[in-house]
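K.L.:
need a 3D model of the sequence below.
(2 chains)
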2 protein chains.
Amino acid sequence: MAASPDAKRQKSSQGKDVPYQLIYWPGIPGRGEHVRLALEEAGAAYTDTAQDGSGGMEAVTAQISDSNLGDDRNPPPFAPPILRHGEGEDALVVWQTANILAYLGPRLGLVPDALEDPDGAYRVAALAMTALDGLSDEVHDCHHPVASGLYYEDQKEESLRRSKDFVQNRLPKFLAYFERVLAGKASGDGPWLYGGRLTYADLVLFQCLDGLRFMFRKAMRWAEHSGKYTHVFDLHDAVKMRPRIKAYLDSKRRQEYSMGIYRYYPELDLGDEM
Amino acid sequence: MAASPDAKRQKSSQGKDVPYQLIYWPGIPGRGEHVRLALEEAGAAYTDTAQDGSGGMEAVTAQISDSNLGDDRNPPPFAPPILRHGEGEDALVVWQTANILAYLGPRLGLVPDALEDPDGAYRVAALAMTALDGLSDEVHDCHHPVASGLYYEDQKEESLRRSKDFVQNRLPKFLAYFERVLAGKASGDGPWLYGGRLTYADLVLFQCLDGLRFMFRKAMRWAEHSGKYTHVFDLHDAVKMRPRIKAYLDSKRRQEYSMGIYRYYPELDLGDEM
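P.N.:
Next up, the predicted model:
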């Protein structure tokens, strides 16, 4: 399973033949879901603080506490998702969703083989980061445009303005972009974004589309029925039918959307009048 | 200079013994500045569309045009900064600031040596991404909280609300976080964020602090004089005194802040009353 990109990293992975540890808030899929989908698709062994009962909140809070100065090798993480891998002195503590995926990609076989396509991992990373920026971070700001520390109820007017712009301008821009990526030669054969094979960028785009379908139901229905983004929606369906992904989505490990990035507010579910 | 992390990449770099090509909007330092600082610190050969006279705008527009489907190996880039490296079939076109820096890091010697510290690059990436998220992307949203496609003048009220939250809550949170990183053991000796040596994360944090000093003058003056973030400001000064960085900052290649991420609006320059 551990398809490390080079001998050194394989060597370092030898001391890391232990389950991956995902440290994330319980109760929402959130950004942690991108990490989970990669681990699930690869059939990797991992623990997840969101699944450990009541301890999840404390596990995250301890990591991001003002008194955490990290350890001899690892700086303190800023925010979850956090991945811990390895034990003792060799343990890596790493954060930022895109960075965790860049670390996992070669280990889980979710980027092209580094011998055949040494630059492939950077192309996959660029695609994944673009989806995370546009279809996750920008979506969060649709219900929190003023301040992430304020309640939605305290920024409802601004949220409506921002959501209108997102649905009218940003969402079509990103969907059209990924449709264009899928039409390009570098995507190769089949439904995937890069190189004719599943990479973690496909998993990221799937999760973004899935969340968008929950939050912006009308706009996403319109987008699908418009016929403009058939490759994008085909990719969504192809990921969903991967045997391990399907089993995961059907399991209790897959949490429901609630008060995370993708939220359903009827007043923000724009589309009919557009 | 090209300190590639593994044999395969060194092999691939052999066909890339050509200048790096930065494709970015002319007229603002913007996100392209993070790429420039890395290239300048390393003394690397590069071209820059922002310095090529009137052609810069066209070069960027061609890359992100709706008709660009990429090439056989490279998907179309979504947005600048874009880095092109290599020629012919081996050319890599890569985008997303953090991803460009992850590509350049080992090549320019701006991450720890992969043999000595195979996980170091991921720690550096996490630190750089945290600065880019919190002290660059969130700052952009201070003057564009509703829509990046609207003028500031059309979202002034929301900008004031968002800027107040940024200055009161987010800025101190990020400054305190990096102060904590610098107090931790993993930062090693000297003024740097990780491993006792300069990495591209230091350059990123420098550029963010420099831009913040332009945009939020009062708040940054207060932050510096508070004595709470002495290590953070020492890092800023240490980067500024690097011989190649100093020469770059004194050169015409260093563009002035204008209408990019870091903008000076007196009404958003909060601090006196806080």
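K.L.:
any residues of the stretch 151-274 of chain A in contact with chain B? List them.
P.N.:
A:155, A:158, A:161-162, A:165, A:169, A:176-177, A:180-181, A:183-187, A:193-194 (C-beta under 8 Å from any C-beta of the partner chain). Bear in mind the C-beta positions are built from the backbone N, C-alpha and C, glycine included.
K.L.:
the residue nearest in space to the middle of chain A: what secondary structure?
P.N.:
By C-alpha atoms, centre = their mean, chain A has its centre lying nearest to A:His34, at 2.9 Å. Reduced to three states with DSSP: H, G, I helix; E, B strand; the rest coil, the structure at A:His34 is helix.
K.L.:
quick one: neighbours of the closest residue to A:Asn169 other than its chain neighbours, just the number.
P.N.:
Excluding the flanking residues, the one nearest A:Asn169 by C-beta to C-beta, 6 or more residues apart in numbering or on different chains is B:Gly149, at 5.7 Å. B:Gly149 is flanked by 12 other residues according to other C-beta atoms under 10 Å in any protein chain shown.
K.L.:
show me what the helix or strand harbouring A:Leu132 is packed against.
P.N.:
Assigned by DSSP states H and E, A:Leu132 falls within helix A:120-132. Helices and strands touching helix A:120-132, by 3 or more C-beta pairs under 8 Å, 6 or more residues apart in numbering or on different chains; DSSP states H and E, are helix A:97-108, helix A:171-183, helix A:200-215, strand B:92-95, helix B:97-108.
K.L.:
would a markdown table of those with distance to B:Pro75 be doable?
P.N.:
Below are the helices and strands packed on helix A:120-132 laid out as a markdown table (distance: least, C-beta to C-beta, whole Å):
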| stretch | distance to B:Pro75 |
| --- | --- |
| helix A:97-108 | 16 |
| helix A:171-183 | 5 |
| helix A:200-215 | 9 |
| strand B:92-95 | 8 |
| helix B:97-108 | 12 |
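K.L.:
ok, back up a step: what packs against the helix or strand that the helix holding A:Leu132 is followed by?
P.N.:
Using DSSP H and E, the next helix or strand after helix A:120-132 towards the C-terminus is helix A:138-143. Secondary-structure packing of helix A:138-143 (3+ C-beta pairs under 8 Å, 6+ apart): helix A:156-165, helix A:200-215.
K.L.:
run the angle between the shortest one and helix A:200-215 for me.
P.N.:
Following axes from the mean of the first three to the mean of the last three C-alpha atoms, to 10 degrees, one obtains 120 degrees for the angle between helix A:156-165 and helix A:200-215.
K.L.:
just the buried positions in helix A:156-165, please.
P.N.:
Across helix A:156-165, burial judged by 16 or more other C-beta atoms under 10 Å in any protein chain shown covers A:158-165.
K.L.:
please save the CA atoms from stretch A:18-27 in CSV.
P.N.:
Listed next in CSV are the C-alpha coordinates belonging to stretch A:18-27 (Å, rounded to 0.1, in the frame of the first residue of the first chain):
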residue,chain,number,x,y,z
VAL,A,18,1.7,2.0,12.0
PRO,A,19,-1.8,3.3,11.4
TYR,A,20,-2.3,6.9,10.3
GLN,A,21,-3.9,9.1,13.0
LEU,A,22,-6.4,11.7,11.9
ILE,A,23,-7.1,14.4,14.4
TYR,A,24,-10.3,16.2,13.6
TRP,A,25,-13.4,17.6,15.2
PRO,A,26,-16.2,15.1,15.7
GLY,A,27,-19.7,15.9,14.4
